[in-house]
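Chemist: Give the three-dimensional model of this entry:
(one chain, ligands or ions: 1)
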Amino acid sequence: MIPSRRFSVLGAVLLAVSPVLAQNPDQELFPEEVVSGLFFPLAVGHGPGDPERLFIALQDGRIRVLVNDVLTGTPYLDIRARVSAFGSTGLLGFAFHPDFGNNGYFYVTYSDLAGDTVIARYERSANPNLADPNSELILLHITQPAQIHNGGGMAFGPDGYLYIALGDGGVQGDPLGNAQNPNVILGKILRIDVDNPSGGLNYGIPPTNPFVGVPGVREEIWAKGMRNPFRMSIDQATGDLWLGDVNARGFEEIDFQSGTSVGGENYGWNIVEGTECYNAPPGCATNGITMPFFEYAHSFIGLTVRCAVIGGLVYRGREMATLQGRYFFGDQCSNEVISLGQSGGGLAGVKVFMKLPSIGGTACSNVSWGEDHAGEIYAVCHQTGSVYRMIPAGLRLQLPDLQAGFAAQVKVSGCAPNGQVYVAFSCSGLGKVHIAALGVNLDLASLKLAAAALANGNGVMSVNATVPGAFLGRTIWVQAVESGAKSNVIAEVID
Ligand SMILES: [Ca+2]
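Modeler: Now for the predicted structure:
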């Protein structure tokens, strides 16, 4: 029998699995399916102040909600009647107000029936599992010259302002010159104040925006030179802004802006694509252009086809402690889970973990990344309708078809030296249980806390566990955690 997730043991088979994270980086991370079968999801995220819910935007104009990992039957929001959804259009993204827990505000960007971009606010209803579809307040209506390069990323910064990433509007090559034109907001990153509307608008202009008072410049502009920024995120720990800008000919790029930036950057399009001149090679004028933090080439040869960067986010969760501070992103064609290390504003290593799963021969088509209230990160697969949570491989070990009375030695490694380690078992699958005594969440339903012991000086702990009779013939889930701030330990079972 082939286990459906991670590794497992059957009977007397001895697992020869590397127990140490660093020895097998490909095993360090596993995409755990949270939901599947959704109708073309495009974005995932949470509302600050709401630890129970995870929201998933569908291209057609709906937002679905998971409550403690369980999909509710009724969409959180359904504005299909207002949304055109085909090709690059649809309900493209959302962002929840930093004070969502109190005010229930969230913001969406969608393509209206004319194909133009709308940035609008909606409100939660009295039922926390339902938004009020009649609460729309339109902030921006942006005429689109074509139906491509709409961007669609939105994020709040630690400064409380809403950042909006807009593409150049098309068509290919930005013939209208939008991305470099300070008079238009296409091809830009905007920064607006949703809490203090002024000037007859439903939003305000932050007084510290870089072009405030500059004649002939739209004051919403924070940065320029974007082609199709799909997706943008802001690291709440640092204020650093990250985005993937989908390019035209040969190179995909990740752009980075330090949290200390005062804005006004020019990310180069359509003068450059990545670090290469686009319109007038060679020797275009690149002074004043902020070059990519990272770029990679399109690849249409071999097994790994790379075509369009999907910007992700910096990991600030706790389950994958060794991956803290790394930037995760993807590519819509390769469906790879890629992360970049960073140090002092520079690149510190690139790691490709694995590809997001295909289902029934259909490739994932990664289109977005997001995080939950705890900072754990998720990847969205447009074509397969699935959302995956990144977890450490071995965090939750699945053991199919064990026999009652089976004695298993569970070995846990990657722990803090001499630290307290707990191993829990469940035959009910995944759930969420907070163990106050440990200060951690476990992810097993109806768990049985089986063992607690100290790791040795090398961070390894072993425990012998006998499978209870009630678990006869059932799949057993094992999770090992450390008390406190870290649980990215690797469990394996040795018969
Ligand atoms: Ca660029």
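
Chemist: Show me what from this structure comes close to the ion.
Modeler: When proximity is defined by C-beta under 5 Å from the ion, the chain lies next to the ion at 267-269. Any C-beta I mention is one placed from the backbone N, CA and C, and that applies to glycine too.

Chemist: closest point of the stretch 351-495 of the chain to the ion, which residue?
Modeler: Trp369 (19.7 Å; C-beta to the ion).

Chemist: The stretch 251-400 of the chain now?
Modeler: Residue of the stretch 251-400 of the chain nearest the ion, by C-beta to the ion: Gly268 (3.8 Å).

Chemist: one step back: make a PyMOL selection of the buried ones in the residues of the chain next to the ion.
Modeler: Buried residues among the residues of the chain next to the ion (16 or more other C-beta atoms under 10 Å), as a PyMOL selection:
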select buried, resi 267+268+269
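
Chemist: Flag the shaky bits of the stretch 251-400 of the chain, pLDDT-wise.
Modeler: Within the stretch 251-400 of the chain, the segments meeting pLDDT under 70 span 280-282, 321, 393-400.

Chemist: Which stretches in this protein count as helices?
Modeler: Chain-ordered helices for the chain, with DSSP state H as the definition, fall at 100-103.

Chemist: Which segments of it make up each domain?
Modeler: 29-391, 396-494 (automatic domain parsing).

Chemist: out of everything not next to it in sequence, what's closest to the residue of the stretch 1-150 of the chain found nearest the ion?
Modeler: Nearest residue of the stretch 1-150 of the chain to the ion (C-beta to the ion) works out as His149 at 13.3 Å. Leaving aside its chain neighbours, His149 sits nearest to Gly167 (3.4 Å; criterion: C-beta to C-beta, 6 or more residues apart in numbering).

Chemist: The one you found reaches Gly153, doesn't it?
Modeler: No. Using C-beta atoms under 8 Å as the test, Gly167 is too far from Gly153 to be in contact (9.8 Å).

Chemist: any residues in contact with both of these two?
Modeler: The contact sets of Gly167 and Gly153 overlap at 229-230 (C-beta atoms under 8 Å, 6 or more residues apart in numbering).

Chemist: Let me see the contact set for the residue of the stretch 1-150 of the chain closest to the ion.
Modeler: Counted by C-beta under 8 Å, 6+ apart, His149 has contacts 88, 167-170, 227-228.

Chemist: go on, Ile359?
Modeler: Per C-beta under 8 Å, 6+ apart, neighbours of Ile359: 36, 384, 386.

Chemist: Just the buried residues out of those, in ChimeraX syntax.
Modeler: Buried members of those, defined by 16+ other C-beta under 10 Å, are picked up in ChimeraX with:
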select :384,386
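
Chemist: Including distance to Gly317, could the contacts of Ile359 go into CSV?
Modeler: Shown next, in CSV, are the contacts of Ile359 (distance: C-beta to C-beta, whole Å):
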residue, distance to Gly317
Ser36, 22
Thr384, 24
Ser386, 20
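
Chemist: so of the contacts of Ile359, which ones are in strands?
Modeler: If you go by DSSP state E, the contacts of Ile359 have Ser386 in strands.

Chemist: quick one, strands of the stretch 51-200 of the chain?
Modeler: Using DSSP state E, counting those that start in this stretch, the strands found in the stretch 51-200 of the chain span residues 53-58, 62-67, 70-71, 77-78, 91-96, 105-111, 117-124, 131-142, 153-156, 162-165, 188-192.
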